[in-house]
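J.: This is the structure alone, sequence omitted:
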C-alpha cells in the first residue's frame, strides 16, 4: 500500500497538510523501492519546500517517468520535480 497525501489547498505547505518532510521523503523512498518495474537504487529523494525532487540516474528512458509516477502517487503530480538522468536506451516493451 502506498500512502497518499492529498493537499486540498495549494497554499498549504507540507507541515500544514499533516505530514513533515521526513515522512514524505520516507514514503516516496519506500514507494520507489517497492516498485519492481525499474531499479531505483541510484535515485536520490529530497524535499525542497513543498516539492519532492528526484535526482540521480535510471537505466532506461522511460524509467524516469515511472519514478515520477510513483512519487506522484504519494504527493500528487504537481509536487514532483524530475531531475533524473537516463543512462541507457529506451526500455524494451517486452
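T.: Good, I have the coordinates. Keep in mind that this is a model prediction, so the values were computed, not measured. Numbers count the residues shown, from 1 in each chain.

J.: Show the average pLDDT along stretch 46-59.
T.: Taken as a whole, stretch 46-59 carries a mean pLDDT of 94.

J.: quick one: the residue nearest the centre of the chain from residue 58, how far?
T.: The C-alpha lying nearest the average C-alpha coordinate of the chain belongs to residue 71 (C-alpha atoms, centre = their mean; 2.6 Å). According to C-beta to C-beta, to the nearest Å, residue 71 stands 13 Å off from residue 58. Glycine gets a C-beta too; all of them are placed from N, C-alpha and C.

J.: and the helix or strand hosting residue 71, what does it pack onto?
T.: With secondary structure defined by DSSP states H and E, residue 71 is part of helix 63-75. Using 3 or more C-beta pairs under 8 Å, 6 or more residues apart in numbering; DSSP states H and E as the contact test, the elements touching helix 63-75 are helix 21-34, strand 51-58, strand 80-86.

J.: what comes up buried for the next helix or strand after the first one?
T.: When you say that, I think you mean helix 21-34. Proceeding C-terminally, helix 21-34 gives way to strand 43-48 as the next helix or strand, assigned by DSSP H and E. Of the residues in strand 43-48, 43, 45, 47 count as buried by neighbour count, 16 or more other C-beta atoms under 10 Å.
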